[in-house]
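> okay, sequence plus prediction incoming.
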Amino acid sequence: MKKRSVKTKIIATVSAVAIAIPAFIYWDAAYKEVYYLCQNFKPGNERNDIIRQLNTAELSHYAISYDNGVTLIRLTSKLNFSIYKCDIRMDNQDVVLQVDYHKSGSVKADNGAIKL
């Protein structure tokens, strides 16, 4: 009976590693997609260029919201629970005003996002 217990532990460990490795790879790829796409956007860029680049994303998604003449486009990925965010603020002429990359849950990031 002792052999069976050891065999079960080995199978469980191998299974956990087999699941963890691809999960980490996708997590990292989703993080990099949000981070590097966010670096492409600068104040003065036009909305059409931003949307064209965002539509190339495979592991992340974006949402557009409007508030008092300012458009906010937020890029995140569900693969990493939307922890990493890229916020793109545009004026009423669809020109980028500000781009912020930040990580949720971080005191430093919540108080001051990285301005790109």
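Arrived safely.
> isn't Ile83 up against Tyr101?
No. At 11.8 Å, Ile83 does not count as touching Tyr101 under the criterion of C-beta atoms under 8 Å. Where C-beta positions appear, they are placed from N, C-alpha and C, glycine not excepted.
> more crowded one of those two?
Per other C-beta atoms under 10 Å, whichever of Ile83 and Tyr101 has more neighbours is Tyr101, with 22 against 18.
> wasn't the more buried one part of a helix?
No. The assignment for Tyr101 (DSSP: H, G, I helix; E, B strand; the rest coil) gives strand, which keeps it out of a helix.
> what are the bridge partners for it, then?
Under DSSP bridges, the beta-bridge partners of Tyr101 are Cys86, Ile114.
> from here on, count from 884
Done: numbering now begins at 884, and the last item shifts to Tyr984.
> I'd guessed it sits against Cys921; true?
Yes. With contact defined as C-beta under 8 Å, Tyr984 counts as touching Cys921 (4.5 Å).
> Leu958 belongs to a strand?
Yes. Under three-state DSSP, Leu958 sits within a strand.
> helices of this structure, residue ranges please.
885-922, 930-937, 990-994 (DSSP state H).
> go ahead and confirm Val917 touches Tyr945.
No. With contact defined as C-beta under 8 Å, Val917 does not reach Tyr945; the gap is 9.7 Å.
> neighbour-wise, which of the two wins?
Between Val917 and Tyr945, counted using other C-beta under 10 Å, Val917 has the larger neighbour count: 26 against 17.
> quick one, what contacts that one?
Ser943, Leu958, Thr959, Ser960, Tyr967, Lys968, Cys969, Tyr984 (C-beta atoms under 8 Å, 6 or more residues apart in numbering).
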